[in-house]
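K.L.:
sequence isn't available, so here's the structure alone:
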């Protein structure tokens, strides 16, 4: 039936299982479809990870295309070339996450056992935590940052270099969390971010912004306050007790992200006095019974509305 006929539920035939399966085989070229849809809908920013399963330049050398630390996966480098070119053509700006947390985590999305920086694969580090403090690891990472700015820094589609995703799940940051998960200073993580952000700002001739990301908006203040971090990012799931009151209230979650919740003694992102973005928003990040299609659509609507009426840097990044 036509979308205007309200007698029976409308099903968009474009999004049937057969088409979704066909598109999933397109790999990198699926971004052509994504960004064409972005352009039609007026969407102009996206967050993309350079991770071991898509886009990373370094990983253990016995994985296809990878050659360990310091020798880069040129197939993945081309994938990012294509993504940025397509984004540029469609007017989309990319928050480019250069390192995902799992690479240096032992228990949340843990990938340390496959990381080429691990001494088990001839890398320089005995533990994942050393990534933020060992000079040889810093030099290797700066070499990769230099390559990225040389290869991708020309593109206006790069909105920002995002140094990390969900920093608090890395092994080094774990020592800065109390038993109940609340935040404490993380001096090695903070100094590493200051050093790497400064390096990018002196290496990138086109002066793209630099940011980083935390999973929970109550964490990472010492890092997000750094003057080298141009805008602050985190998540605002309506399942968060601190913002959504445990009631899956997307509007409250987004508003609390910015303004804070005085009754709980929490400060919102306005205290950083810099632009703020919610990079993940939705009901519950893990799915589950509360995430019906009706509820997810309601959460999307409420989250977008709330991002407009609060002074955020842009619309929310919808997880689902």
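P.N.:
That came in fine, so what should we check first? All values reported here derive from a predicted model rather than from experimental measurement.
K.L.:
for the rest of this, base every contact and every neighbour count on C-alpha atoms.
P.N.:
Noted.
K.L.:
where do the helices sit along this protein?
P.N.:
Per DSSP state H, the chain carries helices over the ranges 17-24, 30-41, 74-89, 135-152, 171-174, 187-203, 221-224, 241-244, 250-259, 293-309.
K.L.:
most packed of those helices?
P.N.:
Of all these, helix 250-259 has the most neighbours on average by mean count of other Cα atoms under 10 Å, namely a mean of 26.
K.L.:
please work out the average pLDDT along that helix.
P.N.:
Averaging pLDDT along helix 250-259 yields 90.
K.L.:
shift numbering so it begins at 58
P.N.:
Fine by me, first position is 58 from now on; the one you just mentioned is helix 307-316.
K.L.:
what sits up against it?
P.N.:
Here helix 307-316 makes contact (Cα atoms under 8 Å, 6 or more residues apart in numbering) with 274, 293-295, 297, 300-302, 324-327, 335, 339-340, 356-357, 359-360, 362-364, 367-369.
K.L.:
wait, doesn't residue 377 sit right on residue 339?
P.N.:
Yes: at 6.8 Å, residue 377 counts as touching residue 339 under the criterion of Cα atoms under 8 Å.
K.L.:
higher neighbour count, these two?
P.N.:
Taking neighbours as other Cα atoms under 10 Å, residue 377 and residue 339 compare with residue 339 leading, 29 against 14.
K.L.:
got phi/psi on that one?
P.N.:
Phi and psi for residue 339, reported as degrees, to the nearest 10, are phi 170, psi -180.
K.L.:
flag the shaky bits of the stretch 208-357 of the chain, pLDDT-wise.
P.N.:
Across the stretch 208-357 of the chain, the ranges flagged by pLDDT under 70 are 237, 300-303, 318-323.
K.L.:
next, count neighbours for the spatially closest residue to residue 164 that is not a sequence neighbour.
P.N.:
The shortest distance from residue 164 to any residue other than its chain neighbours is 7.9 Å, reached at residue 226 (Cα to Cα, 6 or more residues apart in numbering). Close neighbours of residue 226, defined as other Cα under 10 Å, add up to 23.
K.L.:
contacting residues around residue 226?
P.N.:
Residue 226 is in contact with 158, 159, 162, 164, 165, counting by Cα under 8 Å, 6+ apart.
K.L.:
switch to 10 Å and redo it
P.N.:
By Cα atoms under 10 Å, 6 or more residues apart in numbering, residue 226 lies in contact with 157-167, 234, 271-272.
K.L.:
quick one, which of those are buried?
P.N.:
By neighbour count, with 16 or more other Cα atoms under 10 Å, the contacts of residue 226 hold 157, 158, 159, 160, 161, 162, 163, 167, 234, 271, 272 as buried.
K.L.:
circling back to that earlier point, tabulate the helices of the chain in a markdown table, adding columns for distance to residue 116.
P.N.:
Output for those, formatted as a markdown table (distance: least, Cα to Cα, whole Å):
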| stretch | distance to residue 116 |
| --- | --- |
| helix 74-81 | 24 |
| helix 87-98 | 23 |
| helix 131-146 | 11 |
| helix 192-209 | 12 |
| helix 228-231 | 18 |
| helix 244-260 | 20 |
| helix 278-281 | 26 |
| helix 298-301 | 36 |
| helix 307-316 | 35 |
| helix 350-366 | 35 |
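K.L.:
minimum distance to residue 125: which of those helices has it?
P.N.:
Residue 125 lies closest, by Cα to Cα, to one member of the helices of the chain: helix 192-209, at 11.2 Å.
K.L.:
now for that closest one, which elements pack on it?
P.N.:
Secondary-structure packing of helix 192-209 (3 or more Cα pairs under 10 Å, 6 or more residues apart in numbering; DSSP states H and E): helix 131-146, strand 215-219, helix 244-260.
K.L.:
can you put the ones you listed in TSV and add distance to residue 182?
P.N.:
Output for the helices and strands packed on helix 192-209, formatted as TSV (distance: least, Cα to Cα, whole Å):
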stretch	distance to residue 182
helix 131-146	24
strand 215-219	23
helix 244-260	15
